[in-house]
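Novice: Generate a structure from the sequence data that follows.
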Amino acid sequence: QVQLVESGGGLVQAGGSLRLSCAASGRTFSSYAMGWFRQAPGKEREFVAAISWSGGSTYYADSVKGRFTISRDNAKNTVYLQMNSLKPEDTAVYYCAADGRVGVSAKGYEYDYWGQGTQVTVSS
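Specialist: Alright, predicted model coming up:
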C-alpha cells in the first residue's frame, strides 16, 4: 500500500513557475514508477509526466515538454514536478500516481495508487 500526498499548488501568473511535490508513505516507494496527471474543469484527466523507479527514464506530454521537469528523491520518498513558463491552459488539479510495473506509462489506468490532488491556477 502506498499513500500519496501532493503539495505546492497555488495561484501564479502566466510565465511564472511552481514546484509540486508528492510525498509517499511506505518503504517500497523506490520500486514504483511515478506519474503526474492533471484534470481541468469539464475535461478528462490527462497525462503530464512520468519517471521510472530509478529516475533514469522520464516521459512527458507534448504540451509540457521543455517547460516541466519531473524528478524524484527516493531517500525522501518524494517525486517533484517543476513547472516553468506556465500558461493559463495549465490550470488544473494535478495528481501524482504510483505504478508498480516496470517502465513508465502515460496511461492512467495502469497506475495503482493516486493522491488527492493539488490545484494549480495560472492567471493571464
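Novice: mind showing which ranges of this protein have poor pLDDT?
Specialist: The chain contains residues with pLDDT under 70 at 27.
Novice: With just CA atoms, put stretch 50-68 into CSV.
Specialist: Only the C-alpha atoms of stretch 50-68 are listed here, as CSV (Å, rounded to 0.1, in the frame of the first residue of the first chain):
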residue,chain,number,x,y,z
ALA,A,50,6.3,10.1,-15.6
ILE,A,51,9.6,8.9,-14.2
SER,A,52,10.9,5.4,-13.7
TRP,A,53,11.7,3.9,-10.3
SER,A,54,15.4,4.8,-10.6
GLY,A,55,14.8,8.2,-12.2
GLY,A,56,16.8,7.1,-15.2
SER,A,57,13.8,7.3,-17.6
THR,A,58,11.3,10.2,-18.0
TYR,A,59,8.4,10.8,-20.3
TYR,A,60,6.4,14.0,-21.0
ALA,A,61,3.3,15.0,-22.7
ASP,A,62,4.0,17.1,-25.7
SER,A,63,2.1,20.0,-24.2
VAL,A,64,4.6,20.3,-21.3
LYS,A,65,7.8,19.1,-22.9
GLY,A,66,10.6,21.7,-22.4
ARG,A,67,8.6,23.5,-19.7
PHE,A,68,8.1,20.9,-17.0
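Novice: Strands along this protein, start to end?
Specialist: Counting by DSSP state E, the chain has strands at residues 4-7, 10-13, 18-24, 33-39, 46-51, 58-60, 68-73, 78-83, 92-99, 113-114, 118-123.
Novice: what about residue 46, distance to residue 38?
Specialist: According to C-beta to C-beta, to the nearest Å, residue 46 stands 6 Å off from residue 38. Just so you know, the C-beta spots here come from the backbone N, C-alpha and C atoms, and that holds for glycine as well.
Novice: And for residue 115, nearest residue in space, chain neighbours not counted?
Specialist: Spatial nearest neighbour of residue 115, excluding adjacent residues (C-beta to C-beta, 6 or more residues apart in numbering): residue 4 at 3.6 Å.
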